[in-house]
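S.K.: need coordinates for the below:
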Amino acid sequence: MLAETICSAVSAAGLAVAAITAYRRRFLAAVRIAAYALVPVGLVMTGAVRWAFDTAFSPTAWAGFGVLGAAWLLFTTTRAVERRRGGGRKETGGGERRDAVAPAASAPSLGQGQRGATPKPKATAGADDFSDIEAILKKHGI
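M.R.: Numbering: from 1, shown residues only. A predicted model of the protein is given here:
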């Protein structure tokens, strides 16, 4: 009963603000404020407020939230342990393959035209940082 009264008062105050806004000739904003002001009354009329009130003070509902929290904690813990071990779901027994992409597919394809060429040995890390970028730019004529 108290929640319904509070929602009605909030809606009435919102409609009053909408009326003042409309009086100032800001009709679009007034209609938007009126729409927001009608939401609490709509929630009361649909019974959503009563349901939320009953859920908030129900020990069974809180126990259910606790069970859901425990399930979520167990799920995330097992996923974290699985990632830390570095393995996929090996206990499923399915025919899952981890190497779905060909091993050579991850190599860059900068030198496709030079099949017999050997790559240059890297002399220093600082000087060769931009060598691959320079090669791309030269390839495109920039």
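
S.K.: need the next SSE after the single longest helix found in the chain, C-terminal direction.
M.R.: Longest helix of the chain, by residue count under DSSP state H: helix 59-85. Note on helix 59-85: by DSSP states H and E, the next helix or strand toward the C-terminus is helix 131-139.

S.K.: does anything pack onto the longest helix of the chain? Which helices or strands?
M.R.: Contacts defined by 3 or more C-beta pairs under 8 Å, 6 or more residues apart in numbering; DSSP states H and E place helix 59-85 against no helix or strand at all. No exception for glycine: its C-beta is placed from N, CA and C like everyone else's.

S.K.: what's around Arg32, how many residues?
M.R.: Counted with other C-beta atoms under 10 Å, the neighbours of Arg32 add up to 13.

S.K.: same question but for Leu15, I mixed them up
M.R.: Residues near Leu15, counting by other C-beta under 10 Å: 17.

S.K.: can you pull out the low-pLDDT segments for this protein?
M.R.: Applying pLDDT under 70 to the chain picks out residues 87-128.

S.K.: quick revisit: any idea how far the longest helix of the chain is from the chain center?
M.R.: 19 Å (C-alpha atoms, centre = their mean, to the nearest Å).
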